[in-house]
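Novice: let me see the structure of the following:
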Amino acid sequence: MKNRRNLQFGMAALLALYCFLGNATRSEAEPRPLPRAAAQKRGSGYSLLPHLNPDKLFLRSEMALVIDVDKGDVLLARKPREQKPIASLTKLMTAMVILDSNLPGDAVIEITRNDRDRLRGSKSHLSYGTKLTRSDLLKITLAGSDNRAAAALGRTFPGGHPAIVMAMNKKAAALGMKDTVFKGVSGLHSGNVSTAADLAILVRAAHQYQTIRNVSTLKQGSVTDLRKGWKVEFFNTNRLVRSNEWDIDLSKTGYIADSGHCLVMWTEIAGRPMIVVLMNSWGKLSKYGDANRIRKWLNRADQNAQKIQKAAAKSSANKSGIPL
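Specialist: Residues are numbered from 1 along each chain as shown. Predicted coordinates for the structure are as follows:
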């Protein structure tokens, strides 16, 4: 039974890797800077794959995908090609299309009743009449996951909502996200669907944008209502960005009843950059529990790999007669 499970894990990982390395292209809107020094740490020289035991990992997320970015290894793949609504993970694509458009960030946009959530009646930090710059709307859309802010960005896109949704689907196709469809900019529409494999491509593409990296990982912040200069405060919807145990370079959460709880991140684990995708987690906090379990699972594998390397180096030195 154990060998069968491991074989299934391996086949799924290979499938996800094929999808991830397929047709993804690089955005030129905001070129990615040189890799951080953290990407050059101890983990860059060897693969964790031989040291992983999928039977030792329990998750509450139905779909999961973990990719070692530098090595290209798919370390975990559970239902990577199963399509599911993605809720506010949509906002990463919304942000990319807005940034690609080169619309002025200092343009002032007023929140109107046209921006209200007619599908699910969700609440917002922004009252009608609030005036924000486009840059501030993008900030509270990504970090605070505000649906009215996302709707206002779509409404004021050249051609309005139909045009931006068309641009989002066009960009998804160009990136090779073959199983992804967008129907709206906020993720409230259950017709916004994707797979874990496609979302890994989305995360990799979004990571090319410095603005998205910076804004999506804000622990908390505020935007200024230009009517009277009032501050509108928000907190990041991903509580892990406020944890000292995590080094997160890109983040987005999502939830509607049809999607379950979702989380995507570009983060560092075991001294190497990782893409983590979790979909349809059954509880509000379980996606964070799954992320922590994955981190511990990978760190254990890294520790085992280091022990084996040290033992091999010691054995080789002994055979060569080199003093230790």
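Novice: can you give me the helices for the stretch 151-300 of the chain?
Specialist: 160-175, 196-206, 210-216, 286-320 (DSSP state H, counting those that start in this stretch).
Novice: what about residue 231, neighbour count?
Specialist: 9 (other Cβ atoms under 10 Å). Heads up, the C-betas are built off the backbone N, CA and C, glycines and all.
Novice: next one: residue 310
Specialist: Residue 310: 10 neighbours (other Cβ under 10 Å).
Novice: for residue 50, same thing?
Specialist: 10.
Novice: burial-wise, tell me which of the helices of the stretch 151-300 of the chain comes out on top.
Specialist: helix 196-206 (a mean of 26; mean count of other Cβ atoms under 10 Å).
Novice: now that helix: mean pLDDT?
Specialist: Helix 196-206 comes out with an average pLDDT of 98.
Novice: mind checking how far it is from the chain centre?
Specialist: With Cα atoms, centre = their mean, to the nearest Å as the basis, helix 196-206 stands 7 Å off its chain's centre.
Novice: so which elements touch it?
Specialist: On a contact count with 3 or more Cβ pairs under 8 Å, 6 or more residues apart in numbering; DSSP states H and E, helix 196-206 meets helix 2-20, strand 61-68, helix 90-100, helix 160-175, strand 260-269, strand 272-281.
Novice: at 6 Å instead, please
Specialist: Helices and strands touching helix 196-206, by 3 or more Cβ pairs under 6 Å, 6 or more residues apart in numbering; DSSP states H and E, are helix 2-20, strand 61-68, helix 90-100, strand 260-269, strand 272-281.
Novice: what inclination does it have with respect to strand 61-68?
Specialist: 50 degrees (axes from the mean of the first three to the mean of the last three Cα atoms, to 10 degrees).
Novice: between helix 196-206 and helix 90-100, how many degrees?
Specialist: Going by the same axes, to 10 degrees, helix 196-206 makes 30 degrees with helix 90-100.
Novice: any low-confidence regions in the stretch 201-324 of the chain?
Specialist: 313, 315-324 (pLDDT under 70).
Novice: and the residue nearest to the spatial centre of the chain, what are its bridge partners?
Specialist: Closest to where the C-alpha atoms of the chain average out (Cα atoms, centre = their mean) is residue 264, at 2.9 Å. With DSSP bridges as the criterion, residue 264 is bridged to residue 252, residue 277.
Novice: that one reaches residue 205, doesn't it?
Specialist: No - using Cβ atoms under 6 Å, residue 264 is not in contact with residue 205, being 11.7 Å away.
Novice: wait, which of the helices of the stretch 151-300 of the chain is closest to residue 77?
Specialist: helix 196-206 (7.5 Å; Cβ to Cβ).
Novice: now the angle from that closest one to strand 260-269?
Specialist: Using the same axes, to 10 degrees: helix 196-206 against strand 260-269 is 50 degrees.
Novice: I'd say residue 149 and residue 139 touch.
Specialist: No - taking contacts as Cβ under 6 Å, residue 149 lies outside contact range of residue 139: 8.4 Å.
Novice: between these two, which has more neighbouring residues?
Specialist: Relative neighbour count places residue 149 above the other of residue 149 and residue 139, with 33 against 24, counting by other Cβ under 10 Å.
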